[in-house]
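Q: got a predicted structure plus its sequence, pasted below:
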Protein chains: 2
Amino acid sequence: MKALVTGGAGFIGSHIVDRLLKEKYEVIVYDNLSTGNKKFLETSIKKIKFIQGDLLDTKTLSKSLENIDIVFHMAANADIKENLKDPTRCLEQNTIATSNLLEAMRKNNVKKIVFASTGSVYGEPNIFPTPENAPFPTQTSMYSASKLACEGLLESYSEGYDFQVYIFRFVSIMGERYSHGCVFDFYKKLKKDRSNLDILGDGKQKKSYLYVQDCINAIFTVLNKSKEKLNIYNLGNEDVINVDKIAETICKRLKLNPKFNYSGGTRGWVGDSPFILLDIKKIRSLGWKPTLTIEQCIIKTLEWIKDNEWVLERN
Amino acid sequence: MKALVTGGAGFIGSHIVDRLLKEKYEVIVYDNLSTGNKKFLETSIKKIKFIQGDLLDTKTLSKSLENIDIVFHMAANADIKENLKDPTRCLEQNTIATSNLLEAMRKNNVKKIVFASTGSVYGEPNIFPTPENAPFPTQTSMYSASKLACEGLLESYSEGYDFQVYIFRFVSIMGERYSHGCVFDFYKKLKKDRSNLDILGDGKQKKSYLYVQDCINAIFTVLNKSKEKLNIYNLGNEDVINVDKIAETICKRLKLNPKFNYSGGTRGWVGDSPFILLDIKKIRSLGWKPTLTIEQCIIKTLEWIKDNEWVLERN
């Protein structure tokens, strides 16, 4: 089996690559290295084919899809906080990029795709934990709007061209190779100033996080067990943590005692959902469950960043 | 008050123009005339400013939005049946076009928009009549996927840039200036061959239709009475009709008795939803209700086509 991984040099994408190699797939990574990092492919680079390509470059993309059996589409602009500064970026790098990918697949008769979506497509739901069939959501960020648009495209390719589609709506993922998000930001800030920690919002936002290896296991569990034409699964942990508690966990581990300074408001940024907790009954029914709690996940992430401080400079 | 109407030379758009003139708006029509028709503006053309422009031409678009108070965004690629032949067309002409419009509005500080969405964003729902907060839908056509993507963009502009947004999810609209859809197709076919009528699907698909003047009244009722930042309303009739009954109503009126030939299957085309009935409780609570039944609506439409057969040649 031959797999192409878009964003395969990224945080989650590179773990997909490792897993695919373990499962004896032939692997092609397609990455423009805008946020991905070849260091994440250190252990795999000799066993894969790496193509430095952009999803907006339809010619290179189409050529790369020759004889592929399955696509893992992990490439995305995931810069949620800054998306209002450049509102068309998510449309281009997520929605149009995904359309390009689907067209290239169609032309090459590649009909199976795994897509990294997001729990933020639920907007600010009224139901917690939020199930896959929650009420029709409204979008609060360019990022979530662009990911929802991708889901719609994938679904219509499934209906119209008989694609087999796997959509995963992720909570935030942490673990080895984690290179953006609040644990990353907090660590970086504390390196600069050990006595102060700026926190976006009021620190009370409640989020759910999942360990990257649990995420990868979940994806492959679904691939093995769920064979519908269209498969949509939430992916998250059973519980939530608030931002204050994340900061406290980090500070305790680093043996620091900074003053917390809040930017204020109930949201970290415009479009930030103050409470994210996904219902994971559907995927749990396939036998998968998370192995790490959120706190274990934070500590594992922190240890990895401490051992790989080069990652701080790049992002 | 100064309004810009995209697709203002189209079926519904031109009726919006007439209504805006009655309400003493200054009106600018922005239309590329790809499916719109200047004949629909015959009675209004001297009172409006007409710009022949494309939504993909961002320069002309941005200039056209200077000093506008409200935008009615009715322009769209509405060719649902053929969308699989050219799957990126809906993305370009609906999603990217809408993103361009929103960006041009933002740059010109225009923050109020009315958007023509579609009941097909509900995919194939399980709940009838289908309310605005139906379960998270999956898309079955490029058309509905592109419209859902537009809704997401509008919502994130509302959240991120404080736009006031009115989204209307329409059933099929009929009436004067109707120039595509099944009544149109049946009439055209019967003019060619009075003794045979080809019908897509099995004739049992149940759809809801609304008279265009009821549609326009509904939009202005909501504009006058609903003042939220984000306003989403279904727009339809209380009942449904099946395709066979539409064909029979037309044949009876035309005093014809053709043989019905079915293409077969429960859908007219891939992605066709076999049952559309929207819940209109929300808009009815504002005091609006449809004045014509679906059958009255069909007959009115038929009479208009008979008096305006030039429209058959163009489409």
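A: Looks like it arrived, so ask away.
Q: so how far is chain B from residue A:233?
A: 13 Å (CB to the nearest CB, to the nearest Å). Where C-beta positions appear, they are placed from N, C-alpha and C, glycine not excepted.
Q: how about residue A:44?
A: 33 Å.
Q: how about the contacts made by that residue?
A: A:14, A:17, A:18, A:21, A:27 (CB atoms under 8 Å, 6 or more residues apart in numbering or on different chains).
Q: in chain A, what residue sits furthest out from the centroid?
A: Of all residues in chain A, residue A:195 has its C-alpha farthest from the mean position, at 31.3 Å, by CA atoms, centre = their mean.
Q: ok, and the closest non-adjacent residue to residue A:154?
A: Setting aside the residues directly before and after it, residue A:154 is nearest to residue A:165 in space (CB to CB, 6 or more residues apart in numbering or on different chains), at 4.7 Å.
Q: so which strand or helix has the one you found?
A: Per DSSP states H and E: residue A:165 is located in strand A:164-170.
Q: identify the single longest helix in chain A, thanks.
A: Longest helix in chain A, counting residues (DSSP state H): helix A:142-161.
Q: now residue A:89: closest residue in space that isn't a chain neighbour?
A: Residue nearest to residue A:89 in three dimensions, not counting chain neighbours: residue A:77, with 5.6 Å by CB to CB, 6+ apart.
Q: that neighbour reaches residue A:87, doesn't it?
A: No. Residue A:77 is beyond contact range of residue A:87, at 11.5 Å (criterion: CB atoms under 8 Å).
Q: mind checking how far residue A:100 is from residue A:148?
A: According to CB to CB, to the nearest Å, residue A:100 stands 18 Å off from residue A:148.
Q: more neighbours: which of those two?
A: residue A:148 (31 against 19; other CB atoms under 10 Å in any protein chain shown).
Q: per-residue pLDDT of the more buried one, please?
A: Among the per-residue scores, residue A:148 shows a pLDDT of 98.
Q: next one: stretch A:45-57 to chain centre, how far?
A: The chain centroid and the centroid of stretch A:45-57 are separated by 19 Å under CA atoms, centre = their mean, to the nearest Å.
Q: got the domain ranges for chain A?
A: Domain segmentation of chain A under automatic domain parsing yields A:2-173+A:209-235, A:178-207+A:240-277+A:292-314.
Q: re earlier: ok, the residue farthest from the centre of chain A - contacts?
A: Contact analysis of residue A:195 by CB under 8 Å, 6+ apart lists A:258, A:259.
Q: so how far is residue A:252 from it?
A: Taking CB to CB, one finds residue A:195 at 16 Å from residue A:252.
Q: just checking: what are the partner strands of the strand holding residue A:165?
A: For strand A:164-170, sheet partners with direction are given as strand A:112-118 (parallel), strand A:230-235 (parallel), following DSSP bridges.
Q: out of the ones you listed, flag the one nearest residue A:212.
A: Among those, the nearest to residue A:212 by CB to CB is strand A:230-235 (11.0 Å).
Q: near chain B, which residues of the stretch 151-300 of chain A are found?
A: For the stretch 151-300 of chain A, the contact set with chain B under CB under 8 Å from any CB of the partner chain comprises A:151-153, A:155-157, A:159-161, A:230, A:232, A:270-271.
Q: could you redo the last one with a cut-off of 7 Å?
A: Within the stretch 151-300 of chain A, the positions near chain B by CB under 7 Å from any CB of the partner chain are A:152, A:153, A:155, A:156, A:159, A:160, A:230, A:270, A:271.
Q: was I right about the first one contacting residue B:142?
A: So that's residue A:152. No. Look at residue A:152 against residue B:142 with CB atoms under 7 Å: they stay out of range, at 8.8 Å.
Q: all strands of chain A, in order?
A: Ranges of strands in chain A, per DSSP state E, are A:2-6, A:26-31, A:49-52, A:70-73, A:112-118, A:164-170, A:172-174, A:196-199, A:206-207, A:209-211, A:230-235, A:241-242, A:259-262.
Q: helices or strands up against the third one?
A: In terms of contact count using 3 or more CB pairs under 7 Å, 6 or more residues apart in numbering or on different chains; DSSP states H and E, strand A:49-52 is assigned the packing partners strand A:26-31.
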